[in-house]
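**Q** Sharing a model that was predicted from the sequence below.
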Amino acid sequence: MYLLYKEERNYFIKNKFNKARKLVLFREMVNVNKELISILTFLDDRENAYHHLPDNMQRLLSQQLDHLTTYHERILMRYDGKVTTQMTDTMAEEVDEGNKSLTDLFMDSYDYKEVTREEWLSLLPIVSHIVEYNQRLEHLDRLVESFFSYHNSDD
């Protein structure tokens, strides 16, 4: 959809700005989806190392991914017009607290020798991917919010 929209011609100058706004939004949607796919692929490739982690870390990883995918789904449904609510403060706190607790637990697991160095290094990229996915979702949410609050519905 992004590529088709990108190739579409503009016949009027005023449509050029509308198209540019949508292109930025669509490009970010594609990038966020690619980030999610890379996280899931990474987890699939390192499934054995994931199952050797302590139970609390496994639970926290899955909870954080659940929160983030729910957040992602809400953003996409909001863009489609199926949901009109914005992210509530409790949802934002859950996502931010999950991110903070995930990174703290990950760092503490190495400090307190709960996991070996090899296990820790093999899962370091997944934690960084999850943090980056969270940041991209926040950016996408701001873009969608901006799109609906500052632009006409016919854009």
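**A** Nice, I can see it. As the structure is a computational prediction, the values presented were derived from the model and not from experiment.
**Q** could you show me where the helices are in this structure, in order?
**A** 2-7, 13-45, 47-51, 55-80, 89-111, 117-150 (DSSP state H).
**Q** would CSV of the ones you listed with mean pLDDT and mean neighbour count be doable?
**A** (Each C-beta comes from the backbone N, C-alpha and C, glycine too.) Shown next, in CSV, are the helices of the chain (pLDDT from 0 to 100; neighbours: other Cβ atoms under 10 Å):
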stretch, mean pLDDT, mean neighbour count
helix 2-7, 68, 10
helix 13-45, 86, 14
helix 47-51, 82, 12
helix 55-80, 88, 16
helix 89-111, 74, 14
helix 117-150, 85, 16
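**Q** Would you list the phi and psi of residue 54?
**A** phi -60, psi 150 (degrees, to the nearest 10).
**Q** So it sits against residue 109, correct?
**A** Yes - applying Cβ atoms under 8 Å as the test, residue 54 and residue 109 come out as touching, 6.8 Å apart.
**Q** any common contacting residues for those two?
**A** residue 115 (Cβ atoms under 8 Å, 6 or more residues apart in numbering).
**Q** Next, count neighbours for residue 115.
**A** Per other Cβ atoms under 10 Å, the neighbour tally for residue 115 reads 19.
**Q** Let me see the contact set for it.
**A** 52, 53, 54, 57, 109, 123.
**Q** And for the first one, nearest residue in space, chain neighbours not counted?
**A** The reference is to residue 52. Leaving aside its chain neighbours, residue 52 sits nearest to residue 119 (6.2 Å; criterion: Cβ to Cβ, 6 or more residues apart in numbering).
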